[in-house]
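Peer 1: Give the three-dimensional model of this entry:
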Amino acid sequence: MDKTKDTPHIVRVKDFRIDSDYSSWFSEIILRYRSAQVKATFRVNEEKLRFNWSIGRDLVMRKAEERWGSGVVEQLSFDLQNTFPHESGFSSRNLWRMKQWYLFFSTPEALEKLPRLVAELQQANANPNIKLPQTVAEIDGEKVFPIILGMVGWGQQSDIISKCSSIDEALFYLKQCIVEGLSRTALNQCIKSRLYENYGKALTNFKKFLPETQCKLAQEITKDNYDFGFVTMPKGYDEKRLEDALEQNITRFLLELGTGFAFVGRQKEFIVNGRSRRIDMLFYHIRLKAYVVVELKVRPFEPEFAGKLNYYVSAVDELLKGPDDNPTIGLLICSDKDETEVRWAFRGVSTPMGVASFDNVNTMDDTALLPSAEELQARVRMVEESLNNK
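Peer 2: Alright, predicted model coming up:
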């Protein structure tokens with residue numbers, strides 16, 4: 001078998017002169033092809049979802065259960081799987097979900113609010129490679145299928161309608177899937193952490209210090225409360241141990257913060273007049289184009305916390321912020337907060353910052369976090385075996 005057929009290789013072509021124009025043209029072709037790939041993916045997804053919508057509509061409009069009996073969905077599932085044995089998605093559960101999906105998004109409320117979502121996406125310019133289509137399209141002459149739904153996979157659609165209790169909540173998660181490109185796993189984590197309820201709800205002073213466009217985005221990337229249920233701490237833990245746990249689970253912490261955050265470092269040091277200062281955690285937000293200083297407190301909010309965070313934000317602006325970066329923002333995450341105290345504390349600061357809380361940290365005794373005697377012995381054996389094999 002000739003394996004070279006699938007292996008990229010260089011071919012020397014006679015009578016060819018490469019120059020900058022050719023390289024530019026070739027780069028343009030690559031971008032054009034990748035754009036076509038994206039559009040093709042969405043086109044296929046749209047057609048599949050259009051079909052699912054039509055099945056859901058038929059089950060409702062034909063009053064299938066009244067006409068053919070309560071077992072009609074199970075029979076239809078059997079017939080479709082028998083006719084298309086190599087296709088997936090025809091389980092009775094999936095067919096019931098198609099009906100639920102149609103009922104969820106064909107209501108007057110949903111069809112009224114879907115155009116607003118389209119307008120928001122156009123304003124956000126979520127993906128320049130994708131042209132947002134009309135809000136509804138025809139199926140057999142009936143203008144009922146919301147095309148915007150075709151931009152989100154069926155798995156995400158299914159989870160949204162089964163776990164969201166209102167049209168507003170469902171549209172919120174649809175927008176997150178489109179703008180942030182959420183996978184199904186990421187979507188479910190957002191739903192579990194109640195992103196809809198907490199989204200953009202941190203107490204902030206952004207309106208005072210940021211331009212309108214940046215202020216809106218900065219507000220959107222903050223939450224009122226952060227779910228730290230992915231870490232386990234000993235009782236009476238301090239900030240350092242919480243930082244340790246968050247750094248060890250940085251992927252999960254980034255997911256909880258939201259998309260767009262890049263981790264710069266922990267205990268970031270800077271020297272002022274010979275004195276060392278350290279920032280708890282420093283991030284950079286890609287869409288905001290700004291550094292984000294995160295300070296952690298395992299106690300309820302105190303006014304002096306705002307002053308310290310204000311100092312750190314100013315230091316990052318002076319020492320790290322580049323000419324193309326937007327103003328640095330600060331985010332204080334503490335165990336609890338009082339809105340009045342936070343608002344009053346904001347009066348004494350000169351930088352954009354927000355205050356949020358966290359909860360759901362798992363706690364247990366220190367001894368429970370230590371490895372058992374058996375685990376220690378097993379680790380010793382592994383080390384000894386490793387040394388003997390050298």
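Peer 1: Can you tell me the closest non-neighbouring residue to E197?
Peer 2: Excluding its sequence neighbours, the residue lying closest to E197 (Cβ to Cβ, 6 or more residues apart in numbering) is D224, at 7.8 Å. For every residue, glycine as well, the C-beta is placed using N, CA and C.
Peer 1: Give me the neighbour count for the residue nearest to K337 when sequence neighbours are not counted.
Peer 2: Nearest residue to K337 in three dimensions, chain neighbours excluded: F301, at 4.1 Å (Cβ to Cβ, 6+ apart). F301: 22 surrounding residues under other Cβ atoms under 10 Å.
Peer 1: do the same with F283
Peer 2: Going by other Cβ under 10 Å, the residues that sit close to F283 add up to 20.
Peer 1: can you check V349 too?
Peer 2: Neighbour tally, V349, other Cβ under 10 Å: 19.
Peer 1: how would you label it: helix, strand or coil?
Peer 2: Using DSSP: H, G, I helix; E, B strand; the rest coil, the secondary structure recorded for V349 is coil.
Peer 1: What values do phi and psi take at it?
Peer 2: Main-chain dihedrals, V349, degrees, to the nearest 10: phi -120, psi 160.
Peer 1: correct me, but it touches A306?
Peer 2: Yes: at 5.5 Å, V349 counts as touching A306 under the criterion of Cβ atoms under 8 Å.
Peer 1: Identify the contacts common to those two.
Peer 2: Here V349 and A306 have no joint contacts, going by Cβ atoms under 8 Å, 6 or more residues apart in numbering.
Peer 1: what separates the residue nearest to E197 from V313, distance-wise?
Peer 2: According to Cβ to Cβ, to the nearest Å, D224 and V313 sit 20 Å apart.
Peer 1: If you count surrounding residues, which of the two has more?
Peer 2: V313 (27 against 17).
Peer 1: I'd guessed that one sits against I329; true?
Peer 2: Yes: using Cβ under 8 Å, V313 is in contact with I329, at 6.9 Å.
Peer 1: So the residue nearest in space to the middle of the chain: helix, strand or coil?
Peer 2: The residue lying closest to the centre of the chain (Cα atoms, centre = their mean) is T259, at 4.6 Å. Under the three-state scheme (three-state DSSP), T259 adopts coil.
Peer 1: L121 now?
Peer 2: Strictly by three-state DSSP, L121 counts as helix.
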